[in-house]
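Novice: any chance you could fold what I've pasted below:
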Amino acid sequence: MAEGKKLAAFVGESYLNLESFRKNGRGVRTPLWFAEEGGVLYTSTPAESWKVKRIRRDPRVRIAPSTLRGAPRGEWVEATARLEDGDVAARAQELLIRKYGWQKKLIDFFGRLGRRQSVVIALHLT
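Specialist: Predicted coordinates for the structure are as follows:
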């Protein structure tokens with residue numbers, strides 16, 4: 001499947017299912033909000049989450065458009081996950097706020113109240 005066709009599967013979707021891998025190779029799936037710019041999909045998650053720990057160890061992931069509960073709505077595609085900071089992370093947060101509006105702002109507010117750090121994950125389709 002060509003990269004453009006892979007990316008097209010996510011157009012108009014609200015969630016993607018991210019599958020990261022444990023040391024034993026077993027996949028763990030998590031539905032997440034995402035935004036796209038320049039062919040890269042961005043998502044944000046708590047920095048202390050297990051998915052971030054798995055990605056730090058192994059950036060190879062699979063993603064698929066999904067429902068809120070994580071049921072795939074399309075084919076799984078291979079991707080490489082990269083943890084971002086600085087300007088890239090700030091831009092990704094802007095994209096997520098633009099897409100999800102007050103809901104994203106509300107989640108960020110409660111995250112700050114709980115003193116949770118978030119991290120941006122950039123997903124590059126392979």
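Novice: and residue 91, how many neighbours?
Specialist: Neighbourhood size, residue 91 [other Cβ atoms under 10 Å]: 16. Bear in mind the C-beta positions are built from the backbone N, C-alpha and C, glycine included.
Novice: over to residue 119?
Specialist: Using other Cβ under 10 Å, residue 119 has 19 other residues around it.
Novice: over to the spatially most central residue of the chain: give its phi and psi.
Specialist: When the chain is reduced to its mean C-alpha position, the nearest residue by Cα atoms, centre = their mean turns out to be residue 43, at 3.4 Å. Dihedral angles of residue 43 (phi, psi; degrees, to the nearest 10) stand at phi -140, psi 160.
Novice: for it, give me its contacts.
Specialist: Residue 43 is in contact with 16, 18, 32, 33, 34, 35, 96, 120, 121, 123, counting by Cβ atoms under 8 Å, 6 or more residues apart in numbering.
Novice: tabulate those residues (CSV), appending secondary structure, pLDDT and neighbour count.
Specialist: Below are the contacts of residue 43 laid out as CSV (DSSP: H, G, I helix; E, B strand; the rest coil; pLDDT from 0 to 100; neighbours: other Cβ atoms under 10 Å):
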residue, secondary structure, pLDDT, neighbour count
16, strand, 97, 26
18, strand, 98, 28
32, strand, 97, 19
33, strand, 96, 18
34, coil, 97, 24
35, strand, 97, 21
96, helix, 97, 22
120, strand, 97, 22
121, strand, 98, 25
123, strand, 98, 25
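Novice: dump those into TSV; add distance to residue 58 as well.
Specialist: As requested, the contacts of residue 43 are exported to TSV (distance: Cβ to Cβ, whole Å):
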residue	distance to residue 58
16	18
18	13
32	18
33	23
34	20
35	24
96	24
120	18
121	13
123	14
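Novice: who does the residue nearest to the centre of the chain bridge with?
Specialist: Beta-bridge partners of residue 43, counted by DSSP bridges, are residue 121.
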